[in-house]
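[1] Structure for this input, please:
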Amino acid sequence: MQQPYLLVPDLAAAAEAPANGILSKTIQNDDRSKIIQFTFAPGQELSAHTAPFPATLYFVEGEASLLLGEDSHEAAARTFVYLTPNLPHGIRAKTKVVMLLTMLKNPPPTAA
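    Take a look at the predicted model:
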């Protein structure tokens with residue numbers, strides 16, 4: 001039987017800081033969702049891309065510039081973003097960034 005919960009007492013402390021680049025670590029994955037912790041070295045960028053399902057971003061630590069569709073925004077610790085499916089998005093870290101990505105796979109169908 002699979003553990004009924006996942007507890008990470010301190011996401012920032014659990015994040016390994018890369019000297020250069022972006023480090024990703026899957027911390028949960030099942031049929032309905034996947035949660036990935038990203039740690040960006042300062043100046044690193046994840047260029048604009050899309051995902052076929054809804055997702056959330058939660059910034060645990062650091063500062064970043066975000067591209068959400070055609071809009072630019074700034075993010076810092078405690079920033080939360082909800083992304084609709086197929087929305088172009090990108091991230092550029094200004095400082096070391098620890099971010100949590102939650103992908104909502106196979107969401108229930110919407111009412112017609």
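[2] remind me which residues of the protein are low pLDDT?
    For the chain, the stretches with pLDDT under 70 are 1, 107-112.
[3] Quick test: name the residue nearest the centre of it.
    Closest residue to the average C-alpha location of the chain: L101 at 2.4 Å, with C-alpha atoms, centre = their mean.
[4] need the strands for this protein, in chain order.
    For the chain, the strands defined by DSSP state E cover 22-29, 33-40, 45-49, 55-61, 63-68, 71-76, 80-83, 89-93, 97-104.
[5] Beta-bridge partners for A75, please?
    Counting by DSSP bridges, A75 forms beta bridges with A64.
[6] Can you give me the neighbour number for it?
    22 (other C-beta atoms under 10 Å). Yep, even glycine has a C-beta here, placed from its N, CA and C like the rest.
[7] and A55, what is it in contact with?
    Shown in contact with A55 (C-beta atoms under 8 Å, 6 or more residues apart in numbering): 82-83, 101-104.
[8] so what's the residue nearest to the centre of the chain closest to, chain neighbours aside?
    Among residues not flanking L101 along the chain, I36 sits closest, at 4.7 Å (C-beta to C-beta, 6 or more residues apart in numbering).
[9] so how far is N106 from F38?
    Noted for F38: a distance of 22 Å to N106, by C-beta to C-beta, to the nearest Å.
[10] Check D10 too.
    Distance, D10 to N106, by C-beta to C-beta: 30 Å.
[11] Could you do T56 as well?
    Relative to N106, T56 is positioned 16 Å away (C-beta to C-beta).
[12] Over to K94?
    Relative to N106, K94 is positioned 34 Å away (C-beta to C-beta).
[13] So those two - more neighbours on which side?
    K94 (15 against 10).
[14] Identify the residues contacting the more buried one.
    Applying C-beta under 8 Å, 6+ apart, we find K94 in contact with 42-43, 62-65.
[15] wait, doesn't the residue nearest to L101 sit right on L23?
    No - contact between I36 and L23 fails when scored by C-beta atoms under 8 Å: they sit 10.4 Å apart.
[16] what's the closest of the contacts of A55 to A48?
    Each of these was scored against A48 by C-beta to C-beta, and L83 proved nearest at 12.1 Å.
[17] Now do that closest one against K96, distance only.
    23 Å.
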